[in-house]
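>>> Compute the structure for the input listed below.
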Amino acid sequence: MSRTFVLPDLGEGLVEAEIRNLLVKEGDLVKEDAPLLEVETDKAQVEIPSPFSGRVEKIHVQPGQTVKVGQPLVSFGDAAGAAAASAPAAPRQSTPATPVAEAKAPTAPPSVAASPPSLTTAAKADGGPVAATPSTRRLHYSAVPFATQTAEGAQKPLIVLQVEARLATTDLGGILGIEGLDVIFIGPYDLSTSLGLAGQFDHPRVREAISEIVNRAAERNVAVGIWVPDAESAHFWVERGVRFVTVSNNELMFFGAASSLRHAVQG
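As a prediction, this is how the structure comes out:
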């Protein structure tokens with residue numbers, strides 16, 4: 001029975017992505033979590049893994065094409081039939097592969113080595129990463145029991161909410177009162193824009209709005225994070241109680257490095 005994989009919900013309000021590269025071709029037999037294609041969104045370029053095993057029956061997209069969430073990407077034929085048909089021709093399976101679910105090793109390397117080698121080996125030979133879901137990697141490909149991730153005392157996710165507009169501060173008390181909240185993260189670009197002071201992070205009104213969030217969060221024992229453009233700004237806000245700081249971004253760092261190089265060459 002044919003199954004079609006569509007572009008999944010990418011989160012963060014993203015509704016489309018551009019196909020950058022196809023990592024499989026029609027007729028290939030793929031395994032679950034093997035890389036299918038690379039896509040680029042407004043946020044990042046990511047690799048999308050296969051949600052199940054099977055033979056690639058039809059590829060519905062091409063590099064350079066923009067697709068919407070829910071649009072078909074790849075159709076797969078029957079997994080069992082495809083596996084049976086391809087078994088005699090698989091050149092890399094000179095020794096039987098041990099199913100991952102049966103791995104008994106206490107650490108990740110033995111269970112990874114026991115994974116079916118066909119597509120994994122091909123992906124590594126091409127120089128690309130082997131895709132796997134975060135939960136799969138965290139469980140070391142089944143070498144770590146799943147129950148350890150749900151037991152009392154297991155590592156918990158960090159819950160971060162972002163405040164990007166002055167309007168959010170009108171209900172800041174309700175936001176800070178959300179159960180389990182660890183960090184409230186300030187987006188200064190949008191916050192300054194909502195104040196009519198776009199990009200003026202050092203303006204007294206912008207700093208006043210940020211300080212209000214920092215002080216009220218401290219009263220609730222909620223950590224505050226912020227994005228800043230440079231080290232000087234980072235020191236400024238850390239000294240005022242901010243504990244979660246991200247500094248600069250790709251564009252600023254590349255521009256700064258390029259400018260420094262140009263000035264050094266020109267003397």
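
>>> What are the phi and psi values at the closest residue to Phe244 other than its chain neighbours?
Excluding the flanking residues, the one nearest Phe244 by C-beta to C-beta, 6 or more residues apart in numbering is Gly225, at 3.1 Å. Where C-beta positions appear, they are placed from N, C-alpha and C, glycine not excepted. When read as degrees, to the nearest 10, the backbone of Gly225 gives phi -120, psi 160.

>>> buried residues in stretch 171-188?
By 16 or more other C-beta atoms under 10 Å, the buried positions in stretch 171-188 come out as Leu172, Ile175, Leu176, Leu181, Val183, Ile184, Phe185, Ile186, Gly187, Pro188.

>>> How about residues contacting that stretch?
158-164, 168, 201, 206, 210, 212-213, 216-217, 220, 222-228, 244 (C-beta atoms under 8 Å, 6 or more residues apart in numbering).

>>> Please apply the same query to stretch 218-225.
160, 176-177, 181-186, 213-214, 217, 241-246.

>>> Those in strands, which ones?
Counting by DSSP state E, those place Val160, Val183, Ile184, Phe185, Ile186, Phe244, Val245, Thr246 in strands.

>>> now, the most widely separated pair of the buried residues of stretch 171-188?
Using C-beta to C-beta, these span at most 20.0 Å, a distance reached by Leu181 and Pro188.

>>> Quick check: chain neighbours aside, which residue is closest to Gly54?
With C-beta to C-beta, 6+ apart, the residue lying closest to Gly54 is Phe76, at 3.5 Å.

>>> all strands of the stretch 101-250 of the chain, in order?
In the stretch 101-250 of the chain, the strands defined using DSSP state E, counting those that start in this stretch lie at 160-163, 183-186, 223-228, 244-247.

>>> can I get the ones you listed in TSV with mean pLDDT?
TSV is the format used below for the strands of the stretch 101-250 of the chain (pLDDT from 0 to 100):
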stretch	mean pLDDT
strand 160-163	88
strand 183-186	92
strand 223-228	93
strand 244-247	90
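
>>> returning to what we had before: present the buried residues of stretch 171-188 as a markdown table; the columns should include distance to Ala234.
As requested, these are exported to a markdown table (distance: C-beta to C-beta, whole Å):
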| residue | distance to Ala234 |
| --- | --- |
| Leu172 | 23 |
| Ile175 | 24 |
| Leu176 | 23 |
| Leu181 | 23 |
| Val183 | 16 |
| Ile184 | 17 |
| Phe185 | 14 |
| Ile186 | 13 |
| Gly187 | 15 |
| Pro188 | 12 |
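
>>> Closest one of these to Gln71?
Nearest to Gln71 among those, with distances taken as C-beta to C-beta, is Gly187, at 29.9 Å.

>>> Tell me how far that closest one lies from Ser194.
Per C-beta to C-beta, to the nearest Å, Gly187 is found 10 Å from Ser194.

>>> where does the stretch 151-267 of the chain dip in pLDDT?
Where the stretch 151-267 of the chain drops to pLDDT under 70, the residues are 151-155, 167-169.

>>> can you give me the helices in it?
Here the stretch 151-267 of the chain has its helices, by DSSP state H, counting those that start in this stretch, at 166-169, 172-176, 188-194, 204-219, 231-238, 250-266.

>>> of all these, which gets the most neighbours per residue?
With neighbours taken as mean count of other C-beta atoms under 10 Å, the helices of the stretch 151-267 of the chain reach their highest mean count in helix 188-194, at a mean of 19.

>>> ok, Val15 - contacts?
Here Val15 is in contact with Lys68, Val69 (C-beta under 8 Å, 6+ apart).

>>> one step back: would you turn the strands of the stretch 101-250 of the chain into TSV with distance to Phe236?
Listed next are the strands of the stretch 101-250 of the chain as TSV, based on distance: least, C-beta to C-beta, whole Å:
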stretch	distance to Phe236
strand 160-163	18
strand 183-186	13
strand 223-228	8
strand 244-247	10
